[in-house]
Structure formats: C-alpha cells, structure tokens
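[1] The following comprises the amino acid sequence and a computationally predicted model.
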Amino acid sequence: MYRGKIKHILGDIAEGDRVKVIKEGKVYNGILMPRSELGDSRHVVIKLENGYNIGFNIDNIKIELISVREKKKKEEKVEEEYSRENRPYVSILGTGGTIASKIDYVSGAVHPAFSTSEIVNAIPELEDIASLKTEIVFNILSENMTPEHWRTIAREVAKAMNKSSGVVVAHGTDTIAYTASAIAFMLSDIPKPVVLVGSQRSSDRPSSDASLNLISAVRVALSDIAEVVAVMHAGSSDEGCAIQRATKVRKMHSSRRDAFKSIDSLPIGEVRGDKITTFQEYNMRSEGEVKLDDRLETDVALLKIYPGFPEQLFDYYIENFRGIVIEGTGLGHVPENLISKLEEARNKDMPVVMTSQTIFGRVNMKVYSTGRKLLKAGVISGRDMLPEVALVKLMVALGRFKEYGEVRSFMERNIAGEVSERSLYNTFF
Amino acid sequence: MQVKIGFEIHQQLATKKLFCSCPGELTDAEPDARVVRRLRPTQSELGEIDRAALDEFIKKKYYEYEVNNSHACLVELDEEPPHEPTEKAVDSAIEIALLLKAPVVDEIHFMRKLVIDGSNTSGFQRTAIIAFDGYIDTSQGKVRIPIICLEEEAARKIKQEGNRVVYRLDRLGIPLVEITTAPDIKTPGQAIEAAKKIGDILRSTGKVKRGIGTIRQDINISIEGGARVEIKGVQDLDSIPWIIKNEIERQKLLLDVKEEIENRVRKDKIKLKIHNLTDIFRKSNSGIIKKALGNRGRILGMRLQGFSGLLIGRLGPELAGYARVKAGVSGIFHSDELPAYGIEAEEVDEVRRNLSLSEEDAFVIVAERYAKARKALEAVHERALLAFDGIPEETRMVLKNSSSKYMRPLPGAARMYPETDIPPVVISPDKLLWTESNLPELIEHKAKRLEVDYKLNSALAEQLARSEYSELFEKVVAGNKKFAGFAASVLLSTLKELRREGFSVAAIPEEKIEEVLIAAERGELAREAVVEVLKFLCEKPESRIETVRESLGLKGFDEDDLRELIKDILKEKEDFIREHGKAAEKPLMGVVMKQVRGKADGKLINRILREELLKFPGE
C-alpha cells in the first residue's frame, strides 16, 4: 500500500496498472507493484518487462499511466468434492497457514487457496489415494488461533468424521500442537484418524514440504490409527513423514522441515512412500461414534519461572485467572519465596499444575525440599506432560468440572496419551 | 554475412555468501551430512502445472546434497530464511556497475527465478537488477551492457547417476555478478577484446574471486538467417575466437543443410518408423554391435528420407547429440559414415535393402537395449525435422577443442516472482557518491603507471597490474624503487613456480609475503633465500620470519663473519688468483655464494670480495 506523498503523486494510478517511469531521460515501462511491508515510503516498485522488480525513488522520477490493470475474468466454479470410484473419502478442513495458501506471482503476496480443485490441481497424486471433500473452516495464521477456534475445529472434525474415512486438518505450524491436543481432549472414543498437517515452506517453492506432508496426511487419514496426530516431515530430506501423537508433539525448531518432534515419546510411526510403519501402540480404527465435549475455561495462564521472578505477578494471576500452569525449573521447582503465593492459590481452590521448562523429562517434586514444599502447598504434578498440553488440558478440566478435586483428578489421569507411566531411554535426542 | 555476438559473464565476488555468513569458498573435505530432496514443479500464474515437468517429477528424479558444516548452513539447505544481503557484496556490485558506466537503481529488489534442475535447494535462484544501460568501448565500437545483476551462485554438481543427481552446497549462495552485453559484437577479435576489457574491469576492483571456475562466460551467437545459440562453459579467453569461429561454421553448415533438404524432400515425409534390424547384425564383427548384442541389446534403425550426404560432418553430430542427451545412448551410426567401426559393406547393403532406401536416403541405427534405442531414434527424428528450420535455438556446452555439443533447448523466459523474505535494499545517494569518488584505478591505467613509476618493461607492468599482488607490490617498493624488479619477479614468477611445484602458496597470508619482501629489501634476508623462506611458509604460514630464518639456518653472516670467510677462501685459492688476476672475481663469487648458501646478500658478498681481492697479497 502506498501512503502519503507517494499516494498523492500516483493520483489515479493503482497497483497493477501499466505505467511509464521516466528517470534521468530514460524510460522504463512496467507494472506498478504493491509496496512491501518492509519497505520505506519513498520508493515505488515497478515490475519491468523482463520480469524483474526494481524500486524508484519518487523524487527522481516522473510516472505516467499507460493503461489500467486488466481485470481477471476467471473466478472459476469452486468444486467442493472430488470423487473417484473405489476410493474412500477423506475430509480436508482448511484453517489457514502456509499449507493452505498460494502465491500471487505478481505481488509475491500469499493468499488462501483451498478448493478441492485447487488442491487436486496442485497435487494430482492425491487423486490416486482418496476421494476428497474439502471445506474452509476459516483462514487465519496459526499465531492468531484462539481457544474459540479450537472448539470450532473440534466440532467440524466431529461432523466431518461422520462423512468420511478420516479427517485431515490443514493448519499453520506455529500452534499446530495446541490445536491438536485441544481436539484430542475434546473428542473421545475417536473411531477414525484425525490428522493435523502443515508446511514449513510455502507451496510456491518447488522445494515446498506441503505436498509430501499432505499426501502423507491423507494416507494416514485412511490408516487404522484412530487418534489425533500431526503428520510432518520426519527429517530434512524429502523421504518421509513422522506420525506424532497430538499430546506429545511439539514444534522444536523455528524453520526446519523436521521441526516437529515427539517429546518423551517415540512417534506413533512414519509414512514412507505408500507404506506406513508404526513404532508403538495406538488406538485402532473402530465403528463407533465420536463423542464431543467442547467446553473450555479460557482464564488459564501459563507462566515460565526464571531466577528473580517477581512475586507480585502471582497476585495478578491469582486475582484474574481460574487456573495456572507453571513451567518450573528442573524437576519442577520455583524459587522458595513464591511458595506462599501458591498456597494462597490453593486456599482459593485454584488449581496450579507444575510442568518443566526442560521440556524433556518428568516432573518430580519429591526429590528436593523445595519440591516437597510445593507438593505440600497443593501444587499438582504435571508428570511428563508438555507445558502447552497441560495448559490446554487445564482449560478443558475447568470447563468441565466445578469441584477442585475433580479438576485435580482429571489433571492427574491420562486422558489422551499426554501422560505416560514409563520414561523410555530412546526418546531423547 | 552479419554475425551477432553477445556475452553473459558470471563473476564470483570475494565476500562471504550473499544470504548467510558461510565462507564463499569451496571444499574437498568429506561431507558431514547428506540430505535428499525432490523439487516439484509449481503452479503457474494461471494455477496450472506443466504436466510434462510433473511426469518427470513423478519419475522420481531426486537430488542429494552434500553438506559440509564449515561451508554451508541451514540457509543453503532451504531450512532457514535468507539473511539480509551481504553489504560488501552489494557494494562490490555497485562498484562494478559504476565502472561499466551503468546507472545504479534506487532500490534493489531480489526476485525468485525458478530453476528446478536441483542446483538450487529452494527451486529458485535469487537475483536482483543492480544497474542498467552500461557500456564499454572497444576498438571496433561500443558494446552495450543493458543489465547488471547480483545473484546467488548455484550448488556444485558432483555427479549424476540415473535419477540421482549429487550436488555439493559449498558453492550455493556465493555472490555472483551477472553482466549481460547486447549482441553488439561483430567479430571474434572484438569478442575477445570485450571479454578482456570486462575481465580487467572486474579485477580492477580487487573484490572478485580469481582462479578456475570463479568467472564463467556464456557466449550468444547468431548469424543472419539463424537463431540464437548459447554456448556455456567458456573457461579461457584465448579460446573465445575459436569457439565463435567454430560456431559460425556450424551454423553456416546447418543453413546449407536446410537449403538442400528443402530441395529434396518435404518435411512431412520424414516419418518416425522404427525397424528392428538385429537379425542383419547377428554375426557382425563390429565390437560395439557385439557388445550391445551381448548385453541383450537390439539394433534398431530408421530411414531418413532425402538426407544422404547431409549427415557426415554436418547434421550427423547434431542427431547424435540429441540421441545422447535425450536417450542417454553413447552414440548412433549413420549411413554417411558406414561402412566403418567394424560394420561391413554387406551389412550396410542389407540395411538399405531392408529399409528400401533410395540413393538419396540415409539411415540411422542404434545398438542398445530396446527402449533406450527407441528413444534415441525418436530424438534423431525430432532433430531431423528441425533441420528444415535451419538452426534451432539451443544451449550448447563448449568442448576441449573449442567446438561444442548440444545440451538442451534454450530456456524460455524464466518465471520470476518477488523474494518476499528479503527486504528491498535502498541505495543511498551518499553511498553512490562515495563509491563513485573512490572507484579503483583500472588495470590498463595502472599498468601504464607502474611502467613509468617503477621503470618496468611494459609486459611486466601489465602482468603486475593484472595480478592480485599489485597493491602489495607498491607497498613493498614504495621507499625503494630499485627493489621493483626483484619484488616483481618474486610476486609474478617465484610464487607461480612454487604453486606449480605443488606448494600451497594460497596458505601464506599477504602480510607474510610483504614481511619477507621487506626483509629482503632491507638486506635482513638474502635475496637468494627468499624462495626457501616462502617454501617454508607454505608449510607453516603463521611462522615469524625470525623463526623461519633460524629453522633454515639462515641466521645470516654479519659483515665481519663474512669477511673472515672470504679471507679464508681467498687464501685457499691463492694460486688460482695469481693465475687469473682480476678475472678470478667471478668464479670466486660462485665459490663464496655456494658456501654462504643464501645466508648473506649477494651484493654485500660482492663488495667484500672486491675489497679483499684488492688487498690480496701478491696481486
């Protein structure tokens, strides 16, 4: 978007119009391009006839309109279903993010794209695997997801499950793990696979991971793994995808294709080509009906403890929230001066759940005296739950139960694979 | 006849990589990791995918990338977004543009240019226009330079085996300046002049890489009535006139073929009908045929109506080139060259009978497994049809003998779209002004100046000006112009010889070479010992000069020691001196030098020797 002085100079000339730029007696013909958000407000960007963009300082040039932008006539019919004989249906729900976007090659801007025809067009191999139904639930960047969005997605997944052999949810990668565990807690007796999938490289790139991830996700959606899982690249190579349990998966790298790792757990399995191999037990596909309970209490906080953590912050949280998950140090500790605050919370029947910022490993508050004091103050052990998973679970627990004891018991029990009894040697790096 | 020649010059810049902080160097070390990727054709602006490209993809072509942690990071692996463009690289590109008299753009925008041969892990090359409308002057007129780009170098291809192509990531991302000339060059002589001139301008900056592979010239050539042909892989300037001459010749021959074939036959008569001729060759004595048959191969052939006599030395190599590239066969046989290669006249006759050929018809046979041979003949047919158009637009690879071979059709207009991960780079007027007023001395000017200032002969001066050591040279001889000749010979020939002998001269930092030369200039180090010291430094580049001298036993005679030694020698050679008188000086000098072995300066020895000779009793 051009603003201020440039906007004034451009007058009627709009982005996409063909223009003539005159600089120091030389004439450059091209198309006026939108301004990058990273750019300053003194330059206009022109796409030259050779395809290159360059920026002109508005003070150095004269700019004239040649012709206005040609309006695209297309707006093709959006086909919502692609069926192929003998191929079972997979529902693909679009929620936004890189995987559900396509590039405008002119401006470089990324737009949502999620009609079935668009997907099949982009990844024709899908035709050979399944019949597809697609639906755009909404289109937002995953950092903008809220618990309200989780509920919508869970409801849509439950609906889609009745109409197909498996459900795929295309999602932005930043918060895929939160959404995945929310669905895992809200749905029970899940009879079919629910697969969350995203991509770390946008699909305009020949090197994008979107197609392999989506193809693998559709394969998993047809498998007998009746759980909520995330399916993303297993390694940096385009050799296969890992199938990871919703409540154990975490985004562990800001940019790599294989950013998603199972924490304190092996992946459920992997997809290589058309073959699925599993590494551990999972719930098998069944005939039953899925149950949905999408109640949530969103006034729950996740606090990361650090040396010198200000005591008074707790006052705020105790006053304004209904539950707290703590990301403590090591085995699950906080500085001793905070313990009285946690007692205060307990006295108000406010659940406080301890997890560890080491991410890997189990909380154990019995080893050191600080831990024992925390237990005495009523802090609930998050055991080997990931902090983010504990947050989502506490929202669910507070949404469902009024009594502190019920909430506590829900938090301590394994509900969706988030808590395990054994810590295995081969699950760390 | 009008000939149009243009260049595309790619020059690596001597900075770290363009979009990360990896060194811009190559490595031969074992890779630390290998990553396997595939590149998928993407949708076009219209939302379509090129089905042919997709079929290729589905055929499972895959790329293996060798990762050396010292030379590549997540950016090269397409696992991390590019960092901001390296400022020094941008600055060097601007400097080059200004030297080529090309106005620099106000703001640089990097684009993504789709390339899916695997040489870029992302599937695109990042490239930006830096400047427009430059030019150079040659003795035969102006050569325009419409566009100067700054882009990232591609990954280094290591090998290709079937569907697997192996690249190394060390080269990916090295900054590259691309200079494209207009087709203004009219003769091979002008071409070499232009290439030299651009090369000199690039080297004048002192900011470009030197050595094999750091500069690449592609030559575009078209003759009247022809089409543009791009020749890649030109490594040395001297071959340029030969490459051009050969290509003009080749294009002329192809125009002749077009004219002749059009007189003989209509294009639509050239049918693709493949015959299995294996039975004719069951008992062949040809090694190639025997080998193919032993390998469960077949001999397939086809008629080329009307092509007799047009193949040998003309269309034949083109047909073979298509068959090689498109079907992967090692070659074809055509009737113009047979009987030969152990194929007998009777077999040729039998083939002609079998294919019912007339005098004017030619045939092509291929000895390979069935599917491959078939594909080869399809390629031959495709190329034979193109003969009616004259010269097909194509990309060719230069060969050792300055001829060239077919590589692929000329790529169409590249698909390009904005690189949104990199913010635009504003070129401030201050930076431009500063660069403009600090442009380096051009090599041709420098050569003239060195010649005059240091009384060097013009060839030496030019060589020095072109060399990477010209600045070092001037530093060393600044206070003592008499030292210029010696310094020049060390920098130009001694180092070169050492390199040739396998010493790793590149390991010695420039400051060390400077130190050695300054020590020699001050007489602290004998000139004769410089080679030995440099050799030592090749092994242990960080050593102090003092240490080197000690290790080599070059601790140096002081004047008194030297005088004693010379006196002793003179005593020993008394008879000789009596006999020869003054003429003994030269031979005696040799004797002393041998004993001193570079531990003292020759001039000093000579002075003392003279003095002592004069004092010598009996003289």
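    Perfect, I can see it now. Numbers count the residues shown, from 1 in each chain, chains lettered A, B, ... in the order given.

[2] domain ranges for chain B?
    B:3-228, B:267-390, B:443-551, B:559-615 (automatic domain parsing).

[3] Sketch out the low-pLDDT regions of the chain for me.
    Going with chain A. Within chain A, the segments meeting pLDDT under 70 span A:71-80, A:105-110, A:112-116.

[4] look at chain B instead
    For chain B, the stretches with pLDDT under 70 are B:44-56, B:58-59, B:412-414, B:554-557, B:597-598, B:617-619.

[5] Helix or strand next in line after the host helix or strand of B:Ile240, which one?
    Per DSSP states H and E: B:Ile240 is located in helix B:240-264. For helix B:240-264, the following helix or strand on the C-terminal side (DSSP H and E) is strand B:274-276.

[6] what comes up buried for that next one?
    Neighbour counts over strand B:274-276 (16 or more other Cβ atoms under 10 Å in any protein chain shown) mark B:274-275 as buried. C-beta here means a position set from N, CA and C on the backbone, and glycine is covered the same way.

[7] same check, this time on stretch B:290-299
    Neighbour counts over stretch B:290-299 (16+ other Cβ under 10 Å) mark B:290, B:292-293, B:297-299 as buried.

[8] Which of these fall within helices?
    Members of the buried residues of stretch B:290-299 lying in helices (criterion: DSSP state H): B:290, B:292-293.

[9] Which strands or helices does the host helix or strand of A:Asn213 pack on?
    Using DSSP H and E, A:Asn213 sits within helix A:210-221. Helix A:210-221 sits against strand A:89-94, strand A:166-170, strand A:194-197, strand A:228-233, strand A:241-245, strand A:269-272, with contacts defined as 3 or more Cβ pairs under 8 Å, 6 or more residues apart in numbering or on different chains; DSSP states H and E.

[10] related to what we said a few turns ago, which one among the buried residues of stretch B:290-299 gets closest to chain A?
    Distance to chain A across the buried residues of stretch B:290-299 (Cβ to the nearest Cβ) is lowest for B:Gly297, with 31.9 Å.

[11] Near chain B, which residues of the stretch 1-150 of chain A are found?
    The stretch 1-150 of chain A comes close to chain B at residues A:24, A:26, A:33, A:36, A:38-40, A:42-43, A:45, A:48, A:50-57, A:60, A:102-103, A:105-110, A:118, A:121-122, A:124-125, as judged by Cβ under 8 Å from any Cβ of the partner chain.

[12] In this structure B:Val104 contacts B:Ile427, no?
    Yes. Taking contacts as Cβ atoms under 8 Å, B:Val104 lies within contact range of B:Ile427: 5.7 Å.

[13] Find residues that contact each of those two.
    B:Ile94 (Cβ atoms under 8 Å, 6 or more residues apart in numbering or on different chains).

[14] So B:Asp133 belongs to a helix, correct?
    No. Applying DSSP: H, G, I helix; E, B strand; the rest coil, one finds B:Asp133 to be strand, outside a helix.

[15] And it, how far from B:Ile145?
    As judged by Cβ to Cβ, to the nearest Å, B:Asp133 and B:Ile145 stand 8 Å apart.

[16] Quick check: neighbours shared by the two?
    Joint contacts of B:Asp133 and B:Ile145 (Cβ under 8 Å, 6+ apart) are B:Ala102.

[17] A:Ile119 looks like it's in a strand, true?
    No. Using three-state DSSP, the assignment for A:Ile119 is helix, not a strand.

[18] Smallest gap between the stretch 151-300 of chain B and chain A, at which residue?
    For the stretch 151-300 of chain B, Cβ to the nearest Cβ, closest residue to chain A: B:Thr180, 10.2 Å.

[19] That residue touches B:Ile145, doesn't it?
    Yes. With contacts counted by Cβ under 8 Å, B:Thr180 reaches B:Ile145, the gap being 6.8 Å.

[20] Please identify which of those two sits among more neighbours.
    Higher neighbour count among B:Thr180 and B:Ile145: B:Ile145, with 26 against 17, using other Cβ atoms under 10 Å in any protein chain shown.

[21] and the more buried one, what does it touch?
    B:Ile145 makes contact with B:100, B:102, B:133-136, B:179-182, according to Cβ under 8 Å, 6+ apart.

[22] B:Lys372 contacts B:Ser330, doesn't it?
    No. At 10.2 Å, B:Lys372 does not count as touching B:Ser330 under the criterion of Cβ under 8 Å.

[23] still on that earlier bit, roughly how far out does the helix holding B:Ile240 sit from the chain middle?
    How far helix B:240-264 lies from its chain's middle: 27 Å, per Cα atoms, centre = their mean, to the nearest Å.

[24] Name the residues that touch it?
    Helix B:240-264 is contacted from outside by B:1, B:3, B:5, B:188-189, B:191-192, B:195, B:217, B:219, B:221-223, B:225-226, B:229, B:231, B:234, B:306-307, B:310, B:313-315, B:318, B:360, B:387-391, B:396, B:398, B:402-404, using Cβ under 8 Å, 6+ apart.

[25] In the stretch 301-429 of chain A, what residue comes closest to chain B?
    For the stretch 301-429 of chain A, Cβ to the nearest Cβ, closest residue to chain B: A:Phe429, 16.1 Å.

[26] and that residue, which of the three is it?
    coil.

[27] Neighbours of it, how many?
    Using other Cβ under 10 Å, A:Phe429 is surrounded by 5 other residues.

[28] same check, this time on B:Lys273
    Using other Cβ under 10 Å, the number of residues around B:Lys273 comes to 10.

[29] try the one 10 residues further on
    B:Lys283 is flanked by 10 other residues according to other Cβ under 10 Å.

[30] and what of B:Pro411?
    If you count neighbours by other Cβ under 10 Å, B:Pro411 ends up with 10.

[31] Could you do A:Leu214 as well?
    Neighbours of A:Leu214 under the rule other Cβ under 10 Å: 27.

[32] what does A:Lys402 give?
    As a burial measure, A:Lys402 scores 8 neighbours (other Cβ under 10 Å).

[33] got a list of what residue 356 touches?
    Picked chain A for this. Residues near A:Ser356 by Cβ under 8 Å, 6+ apart: A:327-332, A:362-363, A:382, A:387.

[34] Let me rephrase: I mean chain B.
    Contacts of B:Ser356 by Cβ under 8 Å, 6+ apart are B:Arg303.

[35] Could you measure from the nearest residue to B:Leu492 once chain neighbours are set aside over to B:Ser470?
    Counting by Cβ to Cβ, 6 or more residues apart in numbering or on different chains, B:Gln463 is the residue found nearest to B:Leu492 once chain neighbours are left out, at 5.6 Å. According to Cβ to Cβ, B:Gln463 stands 10 Å off from B:Ser470.

[36] Between these two, tell me which one has more neighbours.
    Counted by other Cβ under 10 Å, B:Gln463 and B:Ser470 do not tie: B:Ser470 has more neighbours, with 23 against 18.
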